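Participant: Sequence below, structure please.
(one chain, ligands or ions: 2)
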Amino acid sequence: MKKNIALLAGDGIGPEVIEQALKVLGSIEKRFGHTFEYHPGDVGAVAIDNTGSPLPQATLDICLAADAILFGAIGDPKYDNDPNAKVRPEQGLLGLRKAMGLFANIRPVTTYPTLIHLSPLKEEKVAGVDLLILRELTGGIYFGEKGWNKEEGHAFDTCFYQVDEIERIAKLAFDYAKLRRNKVTLVDKANVLENSRLWRDTVTKYAAKNYPEVELDFMFVDNAAMQLIQYPKQFDVILTSNMFGDILSDEASVLPGSMGLLPSASIGLRTSMFEPIHGSFPQGTGKNIANQMATIL
Ligand code: IPM
Ligand code: MG
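Facilitator: Ligands and ions are numbered 1, 2, ... in the order given. The predicted structure follows:
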């Protein structure tokens, strides 16, 4: 088959890890008789430097016309500690997720027997871990109404979700669970947040109606943060909101021992995007020390 792939290498180690993944794709072309056509586009800090925008229209057009998007990394320290920066590299990634309708981020976490010594955790706790984090990606506190009133000295970010946004990702979580060990854990903070209570209510009703055969349990996010390290093997599919999923997936990368081992797929309404969960690792850029496995996976 012939496929068009948008290539968004981005910042820091992004171009290095993409370069290695391209070698693997080249072998796949040869071995299986496929043809991949690559369409590079700027995104992130490099796009700000070149065009002033972290997500130029030309890049978005490339993505809209592609069969898949391969994404490297985003972020540059020159923006991180400047709270007044008007444009930020991260807006490129968030804008892309929103524009492409990538509402679900799938982050599989497995440990590899040959690498298990890299995990800081005891082998018996992590050997055999196989879980899937289903993170909502285009809603919640990342995209809700926000503001910073400098005169009065206050700022806010709103966590907003609608029932249909919760249902569409819940459906994916249950479908994946059916292919795996038939268990979904909804992670929230329903003891405190109204928004989490909406998630619990929606997911409970949705599951009862459509997936009675899948086991559904609930966990508060603070407890889940602990359980993920203490008893990671209890989890099959973790379903959660944008912010909780961001935090828990970095935490989960400790299980196999390196962030450089965790891939992710973002899927939704249009073309899907594939990216490592790690960031741009500026300290490691250009030193040929970045782990390319996450991007290859
Ligand atoms: C991730 C990253 C992004 C996020 C950043 C770079 C905006 O941490 O993909 O997990 O917070 O979603
Ligand atoms: Mg993250």
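Participant: Point out the residues in the stretch 1-150 of the chain that sit beside ligand 1.
Facilitator: Ile74, Gly75, Glu90, Leu93, Leu94 (Cβ under 6 Å from any ligand atom). C-betas here are computed from N, CA, C, even on glycine.
Participant: In strands only, show me those residues.
Facilitator: Assigned to strands by DSSP state E, none of those qualify.
Participant: Of those residues, which belong to helices?
Facilitator: Glu90, Leu93, Leu94 (DSSP state H).
Participant: Out of those, who's the most crowded?
Facilitator: Among these, Leu93 has the most neighbours (other Cβ atoms under 10 Å), with 23 neighbours.
Participant: contacting residues for it?
Facilitator: Val43, Gly44, Phe71, Ile74 (Cβ atoms under 8 Å, 6 or more residues apart in numbering).
Participant: Taking those residues, tell me the two that lie furthest apart.
Facilitator: Gly44 and Phe71 (9.6 Å; Cβ to Cβ).
Participant: Quick check: neighbours shared by these two?
Facilitator: Here Gly44 and Phe71 share the contacting residues Gly10, Gly14, Leu93, scored by Cβ under 8 Å, 6+ apart.
Participant: The second one contacts Ile74, correct?
Facilitator: Yes. The pair formed by Gly14 and Ile74 meets the contact definition of Cβ atoms under 8 Å, at 7.1 Å.
Participant: re the thing from before, looking at the contacts of Leu93, which one is closest to Leu22?
Facilitator: Of all the contacts of Leu93, Leu22 sits closest to Phe71, with 13.2 Å by Cβ to Cβ.
Participant: Would you agree the closest one falls within a strand?
Facilitator: Yes. Under DSSP: H, G, I helix; E, B strand; the rest coil, Phe71 sits within a strand.
Participant: need the helices for this protein, in chain order.
Facilitator: Counting by DSSP H, the helices of the chain are 14-32, 45-51, 57-65, 77-80, 89-99, 123-126, 163-179, 194-210, 221-230, 242-252, 293-296.
Participant: What residues sit buried inside the first one?
Facilitator: Burial within helix 14-32, assessed by neighbour count using 16 or more other Cβ atoms under 10 Å, is assigned to Gly14, Pro15, Glu16, Val17, Ile18, Ala21, Leu22, Leu25.
Participant: Turn these into JSON lines, columns for pLDDT.
Facilitator: Output for those, formatted as JSON lines (pLDDT from 0 to 100):
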{"residue": "Gly14", "pLDDT": "98"}
{"residue": "Pro15", "pLDDT": "97"}
{"residue": "Glu16", "pLDDT": "97"}
{"residue": "Val17", "pLDDT": "97"}
{"residue": "Ile18", "pLDDT": "98"}
{"residue": "Ala21", "pLDDT": "97"}
{"residue": "Leu22", "pLDDT": "98"}
{"residue": "Leu25", "pLDDT": "98"}
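Participant: just those residues now: which is nearest Asn288?
Facilitator: The nearest one, if we look at the buried residues of helix 14-32 relative to Asn288 and count by Cβ to Cβ, is Glu16, at 7.2 Å.
Participant: Distance of the closest residue to that closest one other than its chain neighbours relative to ligand 1?
Facilitator: Nearest in space to Glu16, with sequence neighbours left out and distances taken as Cβ to Cβ, 6 or more residues apart in numbering, is Ala290 at 5.4 Å. Here Ala290 is placed at a distance of 16 Å from ligand 1 (Cβ to the nearest ligand atom, to the nearest Å).
Participant: what residues are up against Ala290?
Facilitator: Ile13, Glu16, Val17, Gly260, Phe281, Gly284.
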